[in-house]
Structure formats: structure tokens, C-alpha cells
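Colleague: what would the 3D arrangement of this be:
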Amino acid sequence: MSDETVADIKRQSLSIIVTKGSLDWAYPPFILATTAAALDYDVTLFFTFYGLALVKKKLDLKFTVLGNAAMEMPMFGTHIAMPNIMAMIPGVDAMAGSMMKKLIKEKGVASIEDLREAAVLSDVRMIACQMTVDLFEYKREDLMDEIELGGAATYFEVASKSHINMFI
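Modeller: Residues are numbered from 1 along each chain as shown. You can find the predicted model right below:
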């Protein structure tokens, strides 16, 4: 392949709309984004609605067993499912969240804080939805310094040029 042909090939790109901000939903966008960046993709994360929780300066990610029928926690040498009815019991979500955080640490999985920092260091472009920021009455100073603000049109501009578009 000639140098001119190589230069004409567009760099691979990935965009992800991030709509969820719970502990378990925080991992997929950051893992995919940092992996793609390591593979030399141009990566953009667009945080909207509850996904904004992932770009707040102070992370306080929640976890719930409600509506998570596939959730099984390794306990007592087996996997125990958490039925939705458990979510009605006060403190169960906090307990399940603590168990998840403990499991993450025990297994050597990077924290969301570490993955978020890796995304910043990997030049992942992160955009917070301006409409959602306004809707939820966040202030710019509530969000990471590295985040840019933009609307749906900003995302469409990115998505229209991306090789891969995801919704998480």
C-alpha cells in the first residue's frame, strides 16, 4: 500500500451514548471506551440523563437489585440470584452495592474512578448533554473539568462520522 493510500484511510472511531449512572452500568461505557482508545480509535462518550452521574466530580454511584433479573452474586461456593422482591427490604440495595464493590476490589477490577481517569489520559472525548445538565439543575462546576458541554446536534455530528455507534 502506498503512503498516500494509507493516509486516505480514516482512523476507526467509536461513539457511545451513556444513559445509565449506576455502579453496574458505569463499567461498560468506560471499559469499551478505554479499550477502543488503546486500539487507537477516536472515542466519544455522550452522557445524558442518568449517565451524567458518571461525570460528576464527586462520584456516588448507587446499585439496585430491582429489575436486574440476571444478577447473581457468587456466594458460598455458588451463585445466588437476587429476586426483585428483595429490593423492597430496607438496606438491601446498599448491601448488594457493598457486595459488588467488594467483589470488584477482590477480583482486581479497576474502579470507575480509575477507568474514568484512564479515559481522560487516553484522550477520550467526553460530552455532557447540556439539556440534561439544565434539566437536572447541575452546575458546570459539579462536573469533571475535562467534560465538554454539547447538545444532541453535537452528538449527531460525532455519530454521523463514527464507524461504531452504541447506546448504553
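Colleague: contact partners for Leu32?
Modeller: Leu14, Ile16, Met166, Ile168 (Cβ atoms under 8 Å, 6 or more residues apart in numbering). Glycine gets a C-beta too; all of them are placed from N, C-alpha and C.
Colleague: what does Phe30 give?
Modeller: Going by Cβ under 8 Å, 6+ apart, Phe30 touches Leu54, Ile112, Leu115, Arg116, Ala118, Ala119.
Colleague: and the two most separated of the residues you listed?
Modeller: The span of these, defined through Cβ to Cβ, is set by Leu54 and Ala118 at 13.5 Å.
Colleague: buried only: go through the contacts of Phe30 for me.
Modeller: Leu54, Ile112, Leu115, Arg116, Ala118, Ala119 (16 or more other Cβ atoms under 10 Å).
Colleague: and these as a markdown table, adding secondary structure, distance to Met131 and pLDDT?
Modeller: Listed next are the buried ones among the contacts of Phe30 as a markdown table, based on DSSP: H, G, I helix; E, B strand; the rest coil; distance: Cβ to Cβ, whole Å; pLDDT from 0 to 100:
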| residue | secondary structure | distance to Met131 | pLDDT |
| --- | --- | --- | --- |
| Leu54 | helix | 17 | 97 |
| Ile112 | helix | 24 | 94 |
| Leu115 | helix | 26 | 96 |
| Arg116 | helix | 22 | 97 |
| Ala118 | helix | 28 | 97 |
| Ala119 | helix | 23 | 98 |
